[in-house]
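could you look at this predicted model? Sequence included:
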Amino acid sequence: MRILITGGCGFIGSNLVRYLLHHEPAAHVVNLDLLTYAGNASNLADLAGDSRYELVRADVADRDAVRELFRGRKFDSVLHLAAESHVDRSIHDSTPFIRTNVVGTQVLLDAAKEFGIRRFVQVSTDEVYGSLGPSGLFTETTPLCPSSPYSASKAAADLLVGAYHHTFGMPTLITRCSNNYGPYQFPEKLIPLFISNLLRGEQVPVYGDGLNVRDWIHVEDHCAGIVAVWRSGRPGEVYNLGGRCEKTNLALTHELIALAGRTFAAIRYVADRPGHDRRYAIDCSKAEQELGWTPKVDFSVGLRETFDWYRAHPAWVESIRNGEYRSYYERQYGGKTAANTSVSE
Ligand code: NAD
Ligand code: DAU
């Protein structure tokens, strides 16, 4: 069974490639990835020489390259993860978000339609629903109300996926998941950024009052959910995936500070993210009832293991924190480079 995974060199994609090869013995995985700043082929270095895995470097928005790949490989299924994924970068410049997330999804859908793909899974996000007040949960029928250029581009892609099912009868499915954490996450997102800053003795930049809420899920649970939807979901349906683990950013930051053995002086409050969504929380009961999936990883155990993974992989983190990352960090955090934000405690 030949499966195309897009974005397989990113955080969730690399965990998914490994998860699928482990749990689906009949699977052959082709990983289409452009290797942008967020893509790292070494995330899957352990698969070198595995005849069931192949990396193809290409742009998902490049129609000719994508058609060529589909023509040659006879895929059964597509698991589409390739995306520009960071909200803050979409606020600086939405251009690559529209190209990759919207045009890339359209190109992939057209190829999947032309070559008769049997399952097309769009890996989407709870951010397409917008922001919640202090109570309530996102369900699959919550209206789309994206706030950032990133979430607007994902919502546009989801609408295209739904339209290809409705108009052409394509066997598409959509997952919408909450915030992931775990190994191989690029250290521009809250958890890996804060861990790597703390391990270097630097402060962590908390946006606004730190009381925004996110619903955390371990990446392994997300991968299990994507595979469950791919195997057993009903075409045309949306499935929410979440961790039932709501935390304010400040509470999470305190847990990370405790793991690092630091004090609250490690926190630096910085200007809020423009348009910052206040609260996300997912109702994932549909996936639980229909697919028998449920999030399993206990958050405090998963967070400790994640912390330990970053501590055990300094070379992986350092290779990223050089180069392009430094100019991004400077632009995002007001020119305060890693070196001059250190504090003594
Ligand atoms: P990531 O930024 O870590 O990885 C994205 C991958 O896509 C990289 O390997 C990159 O090289 C590749 N890519 C980017 N542009 C490409 C292009 N034009 N052509 C081919 N490949 C390209 O992202 P992630 O956090 O692993 O997220 C993966 C998917 O899951 C995204 O679609 C995202 O919207 C979705 N998602 C993420 C989360 C989360 O918490 N991280 C939660 C829910 C859904
Ligand atoms: O909800 C799913 C989404 O989760 C995915 O679709 C996105 O791809 C993924 O990046 C993530 O989006 P968030 O914007 O929620 O994640 P991020 O790690 O960027 O931020 C988490 C929270 O922490 C958010 O409230 C903003 C805050 N934050 C983030 C950073 C990077 C800070 O306070 N300081 C920071 O430096």
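Arrived safely. Numbers count the residues shown, from 1 in each chain. Ligands and ions are numbered 1, 2, ... in the order given.

near ligand 1, which residues of the chain?
Applying Cβ under 6 Å from any ligand atom, we find that the chain lies next to ligand 1 at 6-7, 9-13, 32-36, 38-39, 59-61, 81-85, 100, 104, 123, 125, 154, 177, 179-180, 186. C-beta here means a position set from N, CA and C on the backbone, and glycine is covered the same way.

next step: these restricted to helices.
Those of these mapping onto helices are 11, 12, 13, 104, 154, per DSSP state H.

doesn't residue 104 make contact with the last one?
No - under the criterion of Cβ atoms under 8 Å, residue 154 makes no contact with residue 104, lying 11.4 Å away.

intersection of neighbour lists for the two?
Listed as contacting both residue 154 and residue 104 by Cβ atoms under 8 Å, 6 or more residues apart in numbering are residue 83.

how close does the closest residue in space to residue 304 that isn't next to it in sequence sit to ligand 2?
Counting by Cβ to Cβ, 6 or more residues apart in numbering, residue 304 lies nearest to residue 259, which is 6.4 Å off, once chain neighbours are set aside. Note on residue 259: its distance to ligand 2, by Cβ to the nearest ligand atom, to the nearest Å, is 17 Å.

what helix or strand is residue 259 on?
helix 249-260 (DSSP states H and E).

please see if the helix or strand following that helix touches ligand 2.
As assigned by DSSP H and E, the chain's next helix or strand after helix 249-260 is strand 267-270. No - Strand 267-270 is not in contact with ligand 2 by Cβ under 6 Å from any ligand atom; minimum separation 7.2 Å.

in this structure residue 277 contacts residue 133, no?
No - using Cβ under 8 Å, residue 277 is not in contact with residue 133, being 11.3 Å away.

okay, these two: which has more neighbours?
For residue 277 versus residue 133, neighbours defined as other Cβ atoms under 10 Å are more numerous around residue 277 (21 against 7).

can you pull the pLDDT of the more buried one?
Per-residue confidence (pLDDT) for residue 277: 98.

quick one, what contacts it?
127, 130, 131, 147, 148, 212.

please repeat the previous calculation with a cut-off of 7 Å.
127, 130, 131, 147 (Cβ atoms under 7 Å, 6 or more residues apart in numbering).

doesn't it fall inside a helix?
No - counting by DSSP: H, G, I helix; E, B strand; the rest coil, residue 277 is not found in a helix; it is coil.

give the residue spans of the stretch 201-345 of the chain that score low on pLDDT.
Within the stretch 201-345 of the chain, the stretches with pLDDT under 70 are 335-345.

which residues of it lie near ligand 2?
Contact residues, the stretch 201-345 of the chain versus ligand 2 (Cβ under 6 Å from any ligand atom): 205, 206, 207, 212, 214, 249, 273, 280.

can I get the helix or strand where the second one lies as CSV, trimmed to CA atoms?
Assigning secondary structure by DSSP H and E places residue 206 in strand 204-207. The C-alpha atoms that make up strand 204-207 are tabulated as CSV, following Å, rounded to 0.1, in the frame of the first residue of the first chain:
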residue,chain,number,x,y,z
VAL,A,204,11.2,33.0,28.1
PRO,A,205,9.0,35.6,26.3
VAL,A,206,5.4,35.3,27.5
TYR,A,207,2.9,37.2,25.3
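
give me the sheet partners of that strand and which way each runs.
Paired neighbours of strand 204-207 in the sheet (DSSP bridges): strand 267-270 (parallel).

show me what whichever helix or strand comes after the partner strand is in contact with.
Downstream of strand 267-270, the next assigned helix or strand under DSSP H and E is helix 285-291. With Cβ under 7 Å, 6+ apart as the test, helix 285-291 has contacts from 140, 225, 228, 229, 232, 233, 239, 240, 241, 293, 294.

buried ones only from those, please, as a PyMOL command.
The following PyMOL line selects those of the contacts of helix 285-291 that are buried, judged by 16 or more other Cβ atoms under 10 Å:
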select buried, resi 140+225+228+229+233+239+240+241+293+294
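
what is the burial count for residue 207?
Neighbours of residue 207 under the rule other Cβ under 10 Å: 15.

quick check: bridge partners of it?
With DSSP bridges as the criterion, residue 207 is bridged to residue 270.

what of residue 238?
In this entry, residue 238 is beta-bridged to residue 174, by DSSP bridges.

what's around it, how many residues?
The local packing of residue 238 (other Cβ under 10 Å) involves 22 other residues.

buried set for the helix holding residue 259?
Neighbour counts using 16+ other Cβ under 10 Å place 249, 252, 253, 254, 255, 256, 257, 259, 260 of helix 249-260 among the buried residues.

how much space between the first one and residue 87?
As for residue 249, its distance to residue 87 is 13 Å (criterion: Cβ to Cβ, to the nearest Å).

go on, the second one?
Spatial separation of residue 252 from residue 87 under the definition Cβ to Cβ is 17 Å.

now the third one
With the distance defined as Cβ to Cβ, residue 253 ends up 18 Å from residue 87.

just checking, residue 17 touches residue 31?
Yes - the criterion here is Cβ atoms under 7 Å, and residue 17 meets it with residue 31 at 5.9 Å.

the two: which is more packed in?
The residue with more neighbours, out of residue 17 and residue 31, is residue 17; 29 against 26, by other Cβ under 10 Å.
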